[in-house]
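Q: pasting a predicted model and its sequence here:
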Amino acid sequence: SQKIEQNSEALNIQEGKTATLTCNYTNYSPAYLQWYRQDPGRGPVFLLLIRENEKEKRKERLKVTFDTTLKQSLFHITASQPADSATYLCALDMLSNTGKLIFGQGTTLQVKP
Amino acid sequence: DGGITQSPKYLFRKEGQNVTLSCEQNLNHDAMYWYRQDPGQGLRLIYYSQIVNDFQKGDIAEGYSVSREKKESFPLTVTSAQKNPTAFYLCASSPLAVLAKNIQYFGAGTRLSVL
């Protein structure tokens, strides 16, 4: 069966450390993988995406990797800050003409000062 | 200010009542989507529309209905047939242009509760 999974347990880290979030999928072949941030009671906001033939993408303190052999994406936040505390969602983009995405359930990150 | 506006922010439904959630966008996006989010679960697709006057069922369409009479508007009706409507509802839009890579832009959500 097709599945997309993120760490269901919340991730608690100390300010200044690197947070690493995982997104695993089975029986999908996404063309892109996207990451969104969602604050409590708000809608998700797009952060960045990575193509299937890209190994790594960076944006400021964010880094995403995409391993199509392992069927896994890792999302890193370096020098984490309490303001980075939020839920992070990964989404698979199959490049369908409908624009539909398949979302993971999200991982909640708590950065403690 | 470009974006997606959902209203109301909070909504209460009585037994047997239909309620309508509003979603308006001024991004000139072709596609619009409705998702339901329950605690600890991902976004589940209810309905989506790629063009005016056309829409398709998502994964959990039962008990819901939509319309797309204008490009900017995609209201969702939660009918009395939806027995467990308490959830956070999110509307999103996407340009569907090749270079846009299917990035979705979300509204702030409507929290629906049953009285």
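A: On my side now, so go ahead.

Q: pLDDT below threshold where in chain B?
A: For chain B, residues meeting the criterion pLDDT under 70 lie at B:1-2, B:97-100.

Q: what sits opposite the residue nearest the centre of it in the beta ladder?
A: Nearest residue to the geometric centre of chain B (C-alpha atoms, centre = their mean): residue B:34, 2.7 Å. For residue B:34, the beta-bridge partners are residue B:47, residue B:91 (DSSP bridges).

Q: any idea how far it is from chain A?
A: According to C-beta to the nearest C-beta, to the nearest Å, residue B:34 and chain A sit 12 Å apart. Just so you know, the C-beta spots here come from the backbone N, C-alpha and C atoms, and that holds for glycine as well.

Q: that residue: what's it in contact with?
A: If you count contacts by C-beta atoms under 8 Å, 6 or more residues apart in numbering or on different chains, residue B:34 has them with B:21, B:23, B:45-48, B:58, B:64, B:66, B:74, B:76, B:89-91.

Q: what would these look like in CSV with neighbour count?
A: Supplementary listing: the contacts of residue B:34 in CSV, determined by neighbours: other C-beta atoms under 10 Å in any protein chain shown:
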residue, neighbour count
B:21, 23
B:23, 24
B:45, 22
B:46, 26
B:47, 22
B:48, 23
B:58, 19
B:64, 21
B:66, 22
B:74, 28
B:76, 23
B:89, 22
B:90, 26
B:91, 28
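
Q: wait, does stretch A:35-52 contact chain B?
A: Yes: against chain B, stretch A:35-52 shows contacts by C-beta under 8 Å from any C-beta of the partner chain at A:41-46, A:49.

Q: which of those are buried?
A: Among the residues of stretch A:35-52 next to chain B, those classed as buried by 16 or more other C-beta atoms under 10 Å in any protein chain shown are A:42-44, A:46, A:49.

Q: from the residues you listed, pick the one nearest chain B.
A: Distance to chain B, by C-beta to the nearest C-beta, is smallest for residue A:43 among those, at 3.1 Å.

Q: tell me the bridge partners for the nearest residue to the closest one once chain neighbours are set aside.
A: Among residues not flanking residue A:43 along the chain, residue B:106 sits closest, at 3.1 Å (C-beta to C-beta, 6 or more residues apart in numbering or on different chains). In this entry, residue B:106 is beta-bridged to residue B:92, by DSSP bridges.

Q: who's in contact with residue B:106?
A: Here residue B:106 is in contact with A:43-45, B:4, B:90-92 (C-beta under 8 Å, 6+ apart).
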